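Asks: the following comprises the amino acid sequence and a computationally predicted model.
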Amino acid sequence: MRKADRHLLIRQIITEHTVRTQDELLQQLEKHGVTATQATISRDIRDMKIVKIPDETGQTKFVIFQGLHSSDNEKVEEQRLAQMIEEVVTKIDRVQFMTLIHTIPDNAPLLAAAIDDVTMPEKVCSLAGFDTVAVISRTEEDAEKFFDFIQAHAVL
């Protein structure tokens, strides 16, 4: 199956069914006759900007991030970042020149990518783990400004 066709099927599956894990997604794909590896599914999730959000029971499920997309317009990227912060950030800490952003599990890499897409003089780089993004700033003042930006958009 071509990548584009697989992406369409994944979109349909997570729209029509509650999918909580990559294994569940793999099982749903197999029901449709598609065999894929865990690595392929991980790349598809990243490419399609699929995130996990809590459902009405508090458990997380896959959804397609509905942010705005435009690589030409920095304001649009900043709005997309703000929306993502609102949807996935659970806690924020600042330690000297670093801002630590805690996310819903498995959303840190996507948030770090959104942070990297926005030009901000207050950040040098971001590093992502499973559910934490570390953003490094040049100075404590820059880190404080970046922290304030994240805090202004987070629903904590």
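Replies: Everything's here; your move.
Asks: please count neighbours and contacts with C-alpha atoms only from this point.
Replies: Fine.
Asks: for residue 52, which non-adjacent residue is spatially closest?
Replies: residue 62 (4.5 Å; CA to CA, 6 or more residues apart in numbering).
Asks: next: residue 23.
Replies: In space, residue 23 is closest to residue 38, 8.0 Å off (CA to CA, 6+ apart).
Asks: residue 117 too?
Replies: Leaving out its chain neighbours, residue 117 is closest to residue 77 (CA to CA, 6+ apart), at 6.8 Å.
Asks: average pLDDT for the one helix or strand residue 42 maps to?
Replies: Assigned by DSSP states H and E, residue 42 belongs to helix 38-47. Mean pLDDT, helix 38-47: 89.
Asks: against which helices or strands is that helix packed?
Replies: helix 22-31 (3 or more CA pairs under 8 Å, 6 or more residues apart in numbering; DSSP states H and E).
Asks: point to the residue nearest the middle of this structure.
Replies: For the chain, residue 110 is the residue whose C-alpha lies nearest the centre (CA atoms, centre = their mean; 3.2 Å).
Asks: surely it meets residue 47?
Replies: No - using CA atoms under 8 Å, residue 110 is not in contact with residue 47; the gap is 9.6 Å.
Asks: give the full set of residues in contact with the residue nearest to residue 23.
Replies: 22-23, 26 (CA atoms under 8 Å, 6 or more residues apart in numbering).
Asks: now the helix holding residue 42: buried residues?
Replies: For helix 38-47, the buried set under the neighbour-count rule, 16 or more other CA atoms under 10 Å, comprises 41, 44-45.
Asks: next, count neighbours for the residue nearest to residue 52.
Replies: 23 (other CA atoms under 10 Å).
Asks: average model confidence for the strand or helix carrying it?
Replies: For residue 62, the element it lies in under DSSP H and E is strand 60-64. Per-region confidence: strand 60-64 scores 86 on mean pLDDT.
Asks: for stretch 4-16, same thing?
Replies: 94.
Asks: what about it, distance to the chain center?
Replies: 18 Å (CA atoms, centre = their mean, to the nearest Å).
Asks: what's in contact with that stretch?
Replies: 19, 25, 28-29, 44, 48, 62-64.
Asks: mind listing the strands for the chain?
Replies: 50-54, 60-64, 89-95, 98-103, 125-128, 132-136 (DSSP state E).
Asks: give me the neighbour count for the nearest residue in space to residue 126 that is not next to it in sequence.
Replies: Leaving aside its sequence neighbours, residue 126 sits nearest to residue 135 (CA to CA, 6+ apart; 4.3 Å). For residue 135, the count of nearby residues is 24 (other CA under 10 Å).
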